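1. turn this into a model:
(one chain, ligands or ions: 2)
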Amino acid sequence: MKTSVKRRPFGNTGLKVSEISFGAMNLRMLPDNDSANKLINDILDTGINLIDTARAYDTRGYGNYAISPGVFISSEIELGKAISARTDIDEPLVIVTKGHGYTPQEFDSHLAESRERLQIRNENGKLFIGKTEIILVYLTHGIGLQRYEGMVRSGLFTHANKMREEGLYHFLGFSSHYGDSVVIQKAIESGYYQVCELPYNIYNISLGEGGSTDLIKLAYDEGLGIINMKAFGGGGMVAISEQLSDLTGIGYAGMARFCISNPYISTIDAGVTNIEEFLADIHAASLPRLSAQERVELRERSLVASRYLDSICRECMHCMEKFECPQSVDFPRILGMHGRYTVSKSLGFDISGYKSEYEAFDPPASGCIACGECNEWCEYQLDIPDMLETAAHDFE
Ligand code: SF4
Ligand code: SF4
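-> Residues are numbered from 1 along each chain as shown. Ligands and ions are numbered 1, 2, ... in the order given. All right, here's what the predicted structure looks like:
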């Protein structure tokens, strides 16, 4: 398959991966299974060779965000269906998937479930989906310090290595989030992992050059393949990118170029819901690399927006994969909208539509009883009840 998407070394795995890859999390935001199938096929037609998915990426783990209630869309199942129907993919596809297996038993059952949903089979010492050879990278989803230490104690890594030698997958990795720098460093230096998936973007470089240790460079130096997630800051950021771009002069392409010009990153995981966005990302990656000095200047320009972004919900939805509010408060959607309202108001944009949009929430923000149970599930350590109180004050 002909493609203009450049390849980069994927750490010490011996693989080369496309600089832009498909983050298949948002397939669950599409209206139906046919739309998901079409998007996957359109993306495969671009010739990228890495797709990032997870066992948890389905409409069940998306709470009441599903666009078509009752329609079940699983990223892994849709990928398995679409790839198995293709006969024209002439290089191995790198499939990255993730589970929450923190003990050997959980690891086995989550890996088996993902392999089944993706329709992966072993043949002559290789892995295939349909006629397409695949390289399976299996990640532990969202490691934190306690979990990681529990994994070491449970003997998970010895077991995972055995499963790898038995040919169930090729490379082991982990994903983690902002605020987890201690465990990320431990994991990188442990020698257990060959791949990591980390958030990094122009507005938050704390796991890169903005942190006390540049963990992205450390992972590179240790030979890990590095998948850059949230290069565009998460769904909530994309929704206010126009306002931010007005403020900083940095558009969508600038954000992509900032990340792709970081020499340590292997691939940017673009979590799109339409092919046009994906092609725009590929185009941005094809533009000349920014020099180190240009990156510093761009980053300085972005800082004018930082004070608006420190405490907004990014609508990343990771909380919803594991938690549901006992009072049925749709806090990510309320907070995401309130964040856009706040930024738009500060920057003098039109805010007239927000109050009527808010009226659709039932219960509204004031339905929160401030139990605080949601806070531990927020990837960005937001104080959710406190923010809901502000939203209720502004809208009710
Ligand atoms: S603090 Fe509010 S939003 Fe969070 S779980 Fe409790 S009631 Fe729900
Ligand atoms: S509350 Fe936190 S984890 Fe949930 S969507 Fe918002 S930023 Fe993401």
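
2. the stretch 51-200 of the chain: helices as residue ranges?
-> Remark: helices assigned in the stretch 51-200 of the chain by DSSP state H, counting those that start in this stretch are 75-84, 104-117, 145-153, 156-165, 181-189.

3. out of those helices, which one sits most buried?
-> Mean neighbour count (mean count of other Cβ atoms under 10 Å) peaks for helix 75-84 among these, with a mean of 23. The way it works is simple: take the backbone N, C-alpha and C, and place the C-beta from them, glycine included.

4. okay, buried residues for the longest strand that the chain contains please.
-> Taking DSSP state E as the criterion, the chain has its longest strand at strand 132-140. Buried positions in strand 132-140, judged by neighbour count with 16 or more other Cβ atoms under 10 Å: 132, 134-140.

5. residues of the protein that sit close to ligand 2?
-> 313-319, 332, 335, 378-380, 382, 384 (Cβ under 6 Å from any ligand atom).

6. list only buried entries from those residues.
-> By 16+ other Cβ under 10 Å, those give 313-319, 332, 335, 378-380, 382, 384 as buried.

7. filter those down to the ones near ligand 1?
-> Ile384.

8. closest to ligand 1 out of the buried ones among the residues of the chain next to ligand 2?
-> Ile384 (5.1 Å; Cβ to the nearest ligand atom).

9. wait, what's in contact with that closest one?
-> By Cβ atoms under 8 Å, 6 or more residues apart in numbering, Ile384 lies in contact with 331, 335, 368, 372, 374-375, 378.

10. between those residues, which sits nearest Asn122?
-> Taking Cβ to Cβ as the measure, Cys378 is the one of those closest to Asn122, at 39.0 Å.

11. is it true that that closest one touches Glu321?
-> No: the pair Cys378 and Glu321 does not pass the contact test of Cβ atoms under 8 Å, sitting 11.9 Å apart.

12. so the residue nearest to the spatial centre of the chain bridges to which residues?
-> Geometric centre of the chain, nearest residue: Met229, 4.6 Å, by Cα atoms, centre = their mean. For Met229, the beta-bridge partners are Pro199 (DSSP bridges).

13. what confidence value was assigned to it?
-> As predicted, Met229 sits at a pLDDT of 92.

14. quick thing: my sequence starts at 309, can you match it?
-> Okay, using 309 as the starting number, the last item reads as Met537.

15. contacts only, for it.
-> 331, 360, 483, 505-508, 577, 579 are the contacts of Met537 under Cβ under 8 Å, 6+ apart.

16. same check on Ser514?
-> Per Cβ under 8 Å, 6+ apart, neighbours of Ser514: 486, 489.

17. quick check: it vs Ser483, distance?
-> Applying Cβ to Cβ, to the nearest Å, the value for Ser514 to Ser483 is 16 Å.

18. ok, now Glu384?
-> When Glu384 is compared with Ser483 (using Cβ to Cβ), they lie 15 Å apart.

19. picking up where we left off before, what packs against the longest strand of the chain?
-> helix 383-392, strand 401-407, helix 412-425, strand 434-437, strand 479-483, strand 503-507 (3 or more Cβ pairs under 8 Å, 6 or more residues apart in numbering; DSSP states H and E).

20. Gly656: how many residues sit nearby?
-> 9 (other Cβ atoms under 10 Å).

21. swap in Asp396?
-> So Asp396, with other Cβ under 10 Å, has 9 neighbours.

22. what's the distance between the residue nearest to the centre of the chain and ligand 2?
-> Counting by Cβ to the nearest ligand atom, to the nearest Å, the gap from Met537 to ligand 2 is 13 Å.

23. likewise Lys494?
-> Taken as Cβ to the nearest ligand atom, the span from Lys494 to ligand 2 is 23 Å.

24. with Leu611 instead?
-> 21 Å.

25. neighbours of Lys630, how many?
-> Applying other Cβ under 10 Å, I find that Lys630 has 13 neighbouring residues.

26. ok, now the one 5 residues further on?
-> Here the count is done by other Cβ under 10 Å, and Gln635 has 14 residues near it.

27. try Asp350
-> 14.

28. so which strand or helix has it?
-> helix 341-353 (DSSP states H and E).

29. which other helices and strands contact that helix?
-> Partner elements for helix 341-353 (3+ Cβ pairs under 8 Å, 6+ apart): helix 383-392, helix 583-594.

30. where among those helices is average confidence lowest?
-> Minimum mean pLDDT among the helices and strands packed on helix 341-353: helix 583-594, a mean of 90.

31. list the buried residues for that one?
-> 585-586, 588-590, 592-593.

32. His646 against Ala699, yeah?
-> Yes: counting by Cβ under 8 Å, His646 does reach Ala699; the two are 4.1 Å apart.

33. returning to what we had before: out of the contacts of Met537, which is nearest to ligand 1?
-> Using Cβ to the nearest ligand atom, the contacts of Met537 come closest to ligand 1 at Pro507, 22.7 Å.

34. ok, the nearest residue to Ser383 once chain neighbours are set aside - how many residues close by?
-> The spatially closest residue to Ser383, leaving aside those adjacent along the chain, is Tyr365, at 3.8 Å (Cβ to Cβ, 6 or more residues apart in numbering). Using other Cβ under 10 Å, Tyr365 is surrounded by 27 other residues.

35. out of the helices of the stretch 359-508 of the chain, which comes closest to ligand 1?
-> helix 453-461 (21.0 Å).

36. tilt between that closest one and helix 489-497?
-> 30 degrees (axes from the mean of the first three to the mean of the last three Cα atoms, to 10 degrees).

37. just checking, what packs against helix 453-461?
-> Using 3+ Cβ pairs under 8 Å, 6+ apart: helix 453-461 touches helix 489-497.
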